[in-house]
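In: show me how the following folds:
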Amino acid sequence: MTQRAQIDIEEPEPDGRIHIRSDIGGIQVTEPTPVEGSSQPAARGLTAAEVAERVRRGEVNDVPVRSSRSTADIVRGNVFTRFNAIILVLFLIILSVGPIQDGLFGFVIIANTAIGIIQELRAKKTLDSLAVIGEAKPAVRRDGVTTGIPTSEIVLGDLIELGPGDKCVVDGEVAEADGLEIDESLLTGEADPVLKRAGDKVLSGSFVVAGTGAFTATKVGREAYAVQLAEEASRFTLVQSELRSGISQILKYITWMLVPAAVGLVISQLVVQGHDWREAIRRMVGGIVPMVPEGLVLLTSVAFAIGVIRLGRKQCLVQELPAIEGLARVDVVCLDKTGTLTEGGMDVSELKLLDGSGVDEAYVARVLGALGAADPRPNASLQAVIEAFPPGAAPWRCTASLPFSSARKYSGASLAESEGGVESRWLLGAPDVLLPAGDPALSEVAARNAEGLRVLLLARVEEGRALEDPAVGQGARPTALVVLEQRLRSDAGDTLRYFAEQDVAAKVISGDNAVSVGAVAAKLGLPGSEAPVDARDLPADRERMAGELDQGAVFGRVTPQQKRDMVGALQAGGHTVAMTGDGVNDVLALKDADIGVSMGSGSEATRAVAQIVLLNNSFATLPSVVAEGRRVIGNITRVATLFLTKTVYSVLMALLVVCSQVPYPFLPRHLTLLSSLTIGVPAFFLALAPNKERAQPHFVRRVMRYAVPAGLIAGAATFLTYLLARHHYTGAEALAAETSAATLTLFLITMWVLAIVARPYTWWRFGLVLAMGLGFLIVLLTPWLQDFFALRLVGTVMPWTAVGIAVAASGLLEVAWRWVGRKFPVEGRSHSS
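Out: Reported below is the predicted structural model:
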C-alpha cells in the first residue's frame with residue numbers, strides 16, 4: 001500500500017462517518033472511516049468569539065478596494081489645478097481694481113468647478129453601487145459553516161476556501177489541498193501554475209486554476225496590501241488614454257506660451273496706459289484670461305463621468321474611466337466562446353457508447369454520476385453531466401481525484417465501485433487530447449463538432465498508471481462520448497454584426513475543439529468561421545503567429561498561456577486589442593489586453609483584472625460601451641478645437657499688442673461674453689451630445705491642425721478691425737468704440753468656427769448656433785446690457801467694416817479648414833463630414 005502523508009479529518013457525515021483526506025503526490029485520497037462520539041473535527045475555522053476578538057484587536061483586512069476616487073480626491077482634483085490658481089489670482093486682482101462685471105470669468109470658473117465635482121460624485125456613486133453588486137465574496141469557514149463574506153471582513157486566522165477561478169485576497173498558508181494549482185504569474189512572472197500542498201505559502205493576488213482547497217490567512221490589512229502593491233497599482237494606473245495624455249501635452253505647450261505672452265502684455269499695458277494704471281491692469285487681465293483653456297479639462301472629466309453614469313444604468317461597471325475611450329479605439333476583439341457567445345449552462349443531448357467498451361449505458365451513467373460527485377466545484381460541462389446523471393442512492397466512492405485544468409483539458413478520478421470492491425480509474429475530457437490521431441472515435445467526434453456540439457470522452461485508464469501522470473491518457477480505453485448542447489446567446493449575433501460593420505475584427509479564442517467552435521461561430525454569422533484553426537498548430541514565433549491571427553477568425557484548443565501570447569502577437573502587429581472572457585483561463589489574456597472585459601458571472605480573478613465588468617452578463621452591452629467611447633472622443637475633439645482656437649487668437653493678439661504698443665482691445669467682460677456664447681455654453685452641449693463618428697487617432701494633431709489656422713485668422717482679422725477703428729475714432733470715448741468694433745468682428749468669426757465644429761447639422765445643433773447668435777444680438781440691442789458689457793457700436797461705417805472683415809475672414813476660414821483637411825489627412829472623417 002502506498003505511503004500516505006498530510007492527513008486531514010473532515011466533519012462527520014450524517015451517518016456517523018468522517019473522511020480522512022491524505023495528500024499523495026498532489027492527488028487527494030479520501031477514505032470514509034466510521035467514528036463514534038467524534039465531536040472535534042479538524043478545520044472548522046475560527047469561532048464567533050475568536051473573530052470578535054480579532055476584530056477588537058484590529059486584525060481585520062481593512063484595506064479598501066475602491067472602484068473610484070474618494071470624495072476628497074475628486075474635490076481636490078477639480079479645485080486645486082494650475083489654471084484655477086491662475087484664474088483665482090487674476091480674479092482677485094480684478095476685484096481690487098475694477099467693476100464686478102470684469103470679474104465674471106471668476107464666477108464662471110466657480111460654476112464650472114462645481115459642475116465637474118457634482119458630475120464626478122454622481123459617477124462615483126454609480127461606480128460604488130455597481131462595485132458592491134459585483135464584489136466578490138470569498139468563502140470563509142467559521143464554526144464549521146462556510147459563508148461568503150466581503151473581503152474587508154476577513155480577519156487574521158480565517159480559513160478561506162478556494163476553487164477554480166477564485167482569487168487569493170490575502171496572504172496565507174495552505175491548510176487543505178485537493179489537486180490545488182495556483183497561478184502566480186501576475187506577481188512572479190512564472191507562467192506555469194504551482195501545485196500547492198498543505199503548509200505551502202499563498203500570495204495575495206494569485207488565483208486558482210484547478211483543484212480546491214483552503215488556506216489560513218496569515219497577513220491581512222496593510223501587511224497583505226504590501227504584497228498586493230503590483231496588482232493594486234494596476235487598479236489605479238489608468239488605461240492608456242490618448243485624450244488625457246493629449247490634453248496634458250497641449251496644456252504643457254500652452255503654459256510655455258502663456259508665460260512670456262502674459263509678461264510682455266503686463267509690461268506693455270503699464271507703459272501704454274501709464275496715466276491710468278487701473279485700466280492697464282483690467283486690459284492686461286483681459287488679455288491673459290482667454291489664453292487659459294479652463295473648461296477643456298472640466299468637460300473631459302464631465303464627459304467621462306456622464307459616460308460612467310449612462311453605462312451604469314445598463315449594469316456595466318467601468319473600473320477605469322479611460323476604458324470607455326479605449327474600447328472605442330480597439331480594432332480587434334478577442335472573444336472567449338463559453339460565457340460570451342454562449343450562455344454558461346449546457347445540456348447533455350446524447351450519451352454514445354463506443355464499440356468495444358464492454359459496458360452498458362447504466363454502468364456508464366453510474367461512472368459519470370460518481371465523477372460529478374467527486375468534484376466539489378464542477379465547471380459548466382461537468383455540471384451538465386451531474387444534472388443528466390445524478391449520483392445514485394449508493395454512489396461509488398472516490399478514492400483519488402484529478403481536478404479539471406484548462407491546460408490539461410481533462411479531469412479524472414479513481415472510483416471504488418463498492419466497499420472493498422473493484423477500483424477503476426477514469427478520465428473525462430477532450431477527445432482529441434486523450435485519443436491518438438486516427439482513432440475511430442474521432443470521426444464520430446468530428447461529426448458532432450461540425451454541428452456546434454461539445455463532446456467529452458469518457459475513457460478508462462489502464463491498470464498501473466497514476467492519474468497525475470502526464471501520459472495518463474495514453475492507452476486509455478475509450479468508453480463513451482458525452483455530447484453537450486451549448487445555449488447560444490440570443491444577442492451575440494447582432495453584436496458580432498455590429499463589430500463587423502464598425503471594421504472591428506472579432507477573433508473567437510476558445511479551449512474547445514476548433515471545429516465545434518467554428519460551427520457555433522457560423523451559427524452566429526461570424527465571417528471566417530468556416531475555416532477554424534487548431535491553436536496547437538500555430539507557430540510559437542510572435543511575428544508568424546500574428547500573421548496567422550490576421551488571417552483566421554476562429555481558434556480552438558487554445559491554452560491559457562496561448563491566449564496571452566495571441567493577445568501579445570496582435571498588439572505587436574499594431575492592433576489595439578480588447579479581450580472578453582469569464583473563466584480563469586482568460587485571466588492572463590485579460591490582464592495583457594489593452595481593454596479587458598469580464599462577465600459579472602465570471603470568476604473572481606477575471607473580474608479583478610478586467611477594466612470593464614458586464615454585471616448583466618450580456619455581450620450585447622459592448623456596443624453601448626463603444627458608443628459611449630465614441631461620444632467622448634468625438635465630442636472632446638470638437639470642443640478642444642473651440643477652446644484652443646481661443647487660446648491661439650489670444651496669444652497672437654497679445655503678441656501684436658506688445659509689438660504695436662497699443663492698449664489691449666478688450667476688457668475681461670468682453671471676452672467672458674464671447675467665450676460663454678461661442679465656447680462655454682455650446683461646448684457643454686456638444687460634449688454630451690450623441691456622436692457615432694468612428695474613433696480617430698492622433699488627437700493632438702487633429703485638434704491643432706484646425707485650431708492653429710482658425711486662431712491665427714481670427715486674431716489677425718480682429719486686430720485689423722481694431723487698428724482701423726483706432727484710425728477712425730477720436731475723442732474720449734474712442735477706446736470703448738474701438739473695443740466694440742473689434743468685439744463684433746471676433747464674435748462673428750468665432751461664431752463661424754462654432755458653426756463649422758457643430759457639423760454635421762441636426763436640428764438641435766443648428767438651433768444651438770442660432771441661439772448663441774441671438775444671445776449676442778440681444779446684448780447689442782438692450783441698453784442696460786450694453787452698459788453692463790461696455791458694448792456700444794458707434795456710427796455705421798466702422799460696424800459695417802467690422803462685419804465685412806468678419807465675413808472675409810470666415811470665408812478664408814472655410815477655405816483653410818477644407819485645405820487643411822485635404823493637406824493633412826488623418827484616418828477617419830473630419831469635423832465637417
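In: my guess is residue 396 meets residue 368, correct?
Out: No: using CB atoms under 8 Å, residue 396 is not in contact with residue 368, being 10.8 Å away. Where C-beta positions appear, they are placed from N, C-alpha and C, glycine not excepted.
In: go ahead and confirm residue 591 touches residue 609.
Out: Yes: using CB under 8 Å, residue 591 is in contact with residue 609, at 4.5 Å.
In: which one's more surrounded, these two?
Out: Ranked by neighbour count (other CB atoms under 10 Å), residue 591 and residue 609 place residue 609 first, with 24 against 20.
In: ok, that one touching residue 597?
Out: No: applying CB under 8 Å as the test, residue 609 and residue 597 come out as separate, 10.7 Å apart.
In: let me know the secondary structure of residue 402.
Out: Three-state assignment for residue 402 (DSSP: H, G, I helix; E, B strand; the rest coil): strand.
In: number of residues surrounding it?
Out: For residue 402, using other CB under 10 Å, the count is 29.
In: where does the stretch 101-250 of the chain dip in pLDDT?
Out: Applying pLDDT under 70 to the stretch 101-250 of the chain picks out residues 131-135, 186-191, 224-240.
In: mind listing the strands for it?
Out: Under the criterion DSSP state E, counting those that start in this stretch, strands of the stretch 101-250 of the chain are mapped to 139-142, 145-148, 159-162, 171-183, 194-195, 201-202, 207-219.
In: can you redo these as TSV with mean neighbour count?
Out: Shown next, in TSV, are the strands of the stretch 101-250 of the chain (neighbours: other CB atoms under 10 Å):
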stretch	mean neighbour count
strand 139-142	19
strand 145-148	11
strand 159-162	24
strand 171-183	24
strand 194-195	17
strand 201-202	18
strand 207-219	24
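In: nearest to residue 619, of these?
Out: Smallest distance to residue 619 across the strands of the stretch 101-250 of the chain (CB to CB): 23.2 Å, for strand 207-219.
In: I'd like the distance between residue 437 and residue 332.
Out: 32 Å (CB to CB, to the nearest Å).
In: with adjacent residues omitted, what lies nearest to residue 644?
Out: residue 707 (3.7 Å; CB to CB, 6 or more residues apart in numbering).
In: count the neighbours of that neighbour for me.
Out: Residue 707 sits with 23 neighbouring residues when counted by other CB under 10 Å.
In: that one is in contact with residue 651, isn't it?
Out: No: in this structure, residue 707 is not within contact of residue 651 by CB under 8 Å, at 11.5 Å.
In: check residue 641 and give its pLDDT.
Out: Residue 641 carries a pLDDT value of 90.
In: surely it is in contact with residue 706?
Out: Yes: here residue 641 reaches residue 706: they are 5.2 Å apart, a contact under CB under 8 Å.
In: between these two, tell me which one has more neighbours.
Out: Shown here are residue 641 and residue 706; by other CB under 10 Å, residue 706 has more neighbours (28 against 24).
In: what stretches of the chain score poorly on pLDDT?
Out: Looking at the chain by pLDDT under 70, you get 1-42, 63-68, 131-135, 186-191, 224-240, 273-275, 344, 393-395, 418-421, 824-833.
In: hmm, back to that, shouldn't the residue nearest to residue 644 be within a helix?
Out: Yes: Residue 707: assigned to a helix according to three-state DSSP.
In: can you pull the contacts of it?
Out: With contact set as CB atoms under 8 Å, 6 or more residues apart in numbering, residue 707 has these partners: 640-641, 644-645, 647-648.
In: which one of these has the most neighbours?
Out: Neighbour-wise, the contacts of residue 707 (other CB under 10 Å) top out at residue 645, 30 neighbours.
In: now that residue: which helix or strand?
Out: For residue 645, the element it lies in under DSSP states H and E is helix 622-660.
In: please report phi then psi for residue 485.
Out: phi -100, psi 130 (degrees, to the nearest 10).
In: would you check that it makes contact with residue 455?
Out: No: contact between residue 485 and residue 455 fails when scored by CB under 8 Å: they sit 10.7 Å apart.
In: give me the more crowded residue out of those two.
Out: residue 455 (25 against 17).
In: which SS class is the more buried one?
Out: Of the three states, residue 455 takes strand under three-state DSSP.
In: need the strands of the stretch 101-250 of the chain in TSV with distance to residue 299, can you?
Out: Output for the strands of the stretch 101-250 of the chain, formatted as TSV (distance: least, CB to CB, whole Å):
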stretch	distance to residue 299
strand 139-142	45
strand 145-148	42
strand 159-162	45
strand 171-183	42
strand 194-195	48
strand 201-202	46
strand 207-219	39
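In: between those, which one is nearest to residue 375?
Out: Evaluated with CB to CB, the strands of the stretch 101-250 of the chain place strand 207-219 nearest to residue 375, the distance being 8.2 Å.
In: chain center to the closest one: distance?
Out: Averaging C-alpha positions (CA atoms, centre = their mean, to the nearest Å) puts strand 207-219 27 Å from its chain's average.
In: stretch 579-597 too?
Out: Chain-centre distance of stretch 579-597: 11 Å, with CA atoms, centre = their mean.
In: again, but for stretch 396-404
Out: Here stretch 396-404 is found 39 Å from its chain centre; the criterion is CA atoms, centre = their mean.
In: work out which residue lies at the spatial centre of the protein.
Out: Residue closest to the mean C-alpha point of the chain, counted by CA atoms, centre = their mean, is residue 611 at 3.0 Å.
In: ok, that residue - contacts?
Out: Neighbouring residues of residue 611 by CB under 8 Å, 6+ apart: 239, 318-320, 323, 326, 595-597.
In: could you tell me which of these belong to helices?
Out: Mapping those onto helices (DSSP state H) picks out 323, 326.
In: and the contacts of residue 611 as JSON lines, adding neighbour count and distance to residue 263?
Out: Supplementary listing: these in JSON lines, determined by neighbours: other CB atoms under 10 Å; distance: CB to CB, whole Å:
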{"residue": "239", "neighbour count": "21", "distance to residue 263": "39"}
{"residue": "318", "neighbour count": "27", "distance to residue 263": "43"}
{"residue": "319", "neighbour count": "23", "distance to residue 263": "44"}
{"residue": "320", "neighbour count": "21", "distance to residue 263": "40"}
{"residue": "323", "neighbour count": "26", "distance to residue 263": "41"}
{"residue": "326", "neighbour count": "26", "distance to residue 263": "40"}
{"residue": "595", "neighbour count": "28", "distance to residue 263": "44"}
{"residue": "596", "neighbour count": "30", "distance to residue 263": "48"}
{"residue": "597", "neighbour count": "30", "distance to residue 263": "50"}
